[in-house]
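Peer 1: After the sequence you'll find the predicted model.
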Amino acid sequence: MSRPVIDLVAEAARTRYRTRVSVRPEPQRFKELEEAIDGIVESYDEGREIDNLESAALPSKRAVVEAFHHLEFALYMGFYSPRSLHRDNLRHSVAEHVYGAHELLVEQIERAVTYDHWMGRTKDVLRSGAGEQVVLDLLRGIPDLRRQLNLDLHAAFEGDPAAQNIEEIVFSYPAIQAITAYRVAHRLCRAGVPMIPRIITEHAHSKTGIDIHPSAIIGERFFIDHGTGVVIGETAVIGDGVKLYQGVTLGALSVPKRDEATKRHPTLEDDVTIYSGATILGGDTVIGRGSTIGGNVWLTKSVPPGSRVFGRARQSESDAP
């Protein structure tokens, strides 16, 4: 009597397994490998910051980024939605992402706040349990965020002759990704949320090459053309209608120690344009309203409104004593 087909299949599978095991090379130097593992484990006993094992208490970067993506849908639903939208199903589509963002962000903010308290480095801006209110305030602010972002989109369209339409800008311009992340993160930063705002802006930085600190203060109608390599520091202040090109740095001069009350980064007043590769440093440096700073200029002192600054040797056309 012939064997059942199922038995033949099982026997064939066992034969293949035994063949793989028999020809697989044996791992070499088990003792040395185990000693290396012991050395790594022992290195966690030094009591340094890098030896922290409290990963379960820390926010999840993956969850924070997922929450931000939910917020992007709520901000740009007509661009990001995979389904056809109309006014009758809009609320359902928005709610789907708002609930997702809410659930994730409340937990991650609570983790960040609790961890900061536990580590003794909080300023008591937020207490444990405040995450719910912070997220509700953020969600209530989305209509105003959408208003701001629409102005940023129009600044991009008006500031870049190569832009064909607003849709192209939303889909294609890395600056819009970076500015969107900044505007969300800045609101969380203002609310006193630790860690989460920087995760959001650094996620955008990794995708776009544009580094905007969430604590920077940026006005309306902001545009970054091309964008790669732009750096905007923590205490920078940027007015309305400002335009930056790629490689611009709004940075800090060297300071002897960290003092969070010190303004370390420059101020750009309204309607300033900074061309590619320019570096502007220092908390006391103010670029006056309507000024234009040329490419590759290095500035560490203020220029008055309406200045035109070109080349390293000249600070301003109007810097006469």
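Peer 2: Nice, I can see it. Numbering: from 1, shown residues only.
Peer 1: switch to C-alpha atoms for all contacts and neighbour counts from now on
Peer 2: OK.
Peer 1: How is the chain partitioned into domains?
Peer 2: Following automatic domain parsing, one finds the domains of the chain at 57-211, 216-321.
Peer 1: mind checking how far the shortest one is from the chain centre?
Peer 2: This points to domain 216-321. Computed by CA atoms, centre = their mean, to the nearest Å, the chain-centroid distance of domain 216-321 equals 21 Å.
Peer 1: Now that domain: average pLDDT?
Peer 2: Regarding domain 216-321, the rounded mean pLDDT is 89.
Peer 1: wait, Gln177 sits on Thr208?
Peer 2: Yes: at 7.4 Å, Gln177 counts as touching Thr208 under the criterion of CA atoms under 8 Å.
Peer 1: Of the domains of the chain, which stretch is the most buried?
Peer 2: domain 216-321 (a mean of 19; mean count of other CA atoms under 10 Å).
Peer 1: Select, out of the domains of the chain, the one closest to Glu35.
Peer 2: domain 57-211 (30.0 Å; CA to CA).
Peer 1: For Ser43, find the nearest of the domains of the chain.
Peer 2: domain 57-211 (21.0 Å).
Peer 1: What's the end-to-end length of the closest one?
Peer 2: 27 Å (CA to CA, to the nearest Å).
Peer 1: going forward can the numbers begin at 512, since that is how I track them
Peer 2: Will do, 512 is the new start, and the previous item becomes domain 568-722.
Peer 1: centre of the chain versus it, how much separation?
Peer 2: 9 Å.
Peer 1: Correct me if wrong, but Glu583 is in a helix.
Peer 2: Yes: under DSSP: H, G, I helix; E, B strand; the rest coil, Glu583 falls within a helix.
Peer 1: Next up, the contacts around it.
Peer 2: Thr691 (CA atoms under 8 Å, 6 or more residues apart in numbering).
Peer 1: Which residues are in contact with the closest residue to Ile729 other than its chain neighbours?
Peer 2: Counting by CA to CA, 6 or more residues apart in numbering, Ile729 lies nearest to Ile749, which is 4.6 Å off, once chain neighbours are set aside. Counting by CA under 8 Å, 6+ apart, Ile749 touches Ala727, Ile728, Ile729, Gly730, Thr778, Leu779, Glu780, Asp781.
Peer 1: Backbone torsions only: list them for the first one.
Peer 2: Note on Ala727: backbone dihedrals following degrees, to the nearest 10 are phi -60, psi 150.
Peer 1: hang on, it packs against Glu745?
Peer 2: Yes: applying CA under 8 Å as the test, Ala727 and Glu745 come out as touching, 4.9 Å apart.
Peer 1: Hmm, Ala666 and Gly752 touching each other?
Peer 2: Yes: taking CA under 8 Å as the definition, Gly752 is a contact partner of Ala666 at 7.4 Å.
Peer 1: Spell out which residues are contacts of both of the two.
Peer 2: With CA under 8 Å, 6+ apart, Gly752 and Ala666 have common neighbours Arg732, Phe733, Phe734.
Peer 1: Give me the below-cutoff pLDDT ranges for the stretch 612-761 of the chain.
Peer 2: For the stretch 612-761 of the chain, the stretches with pLDDT under 70 are 633-636.
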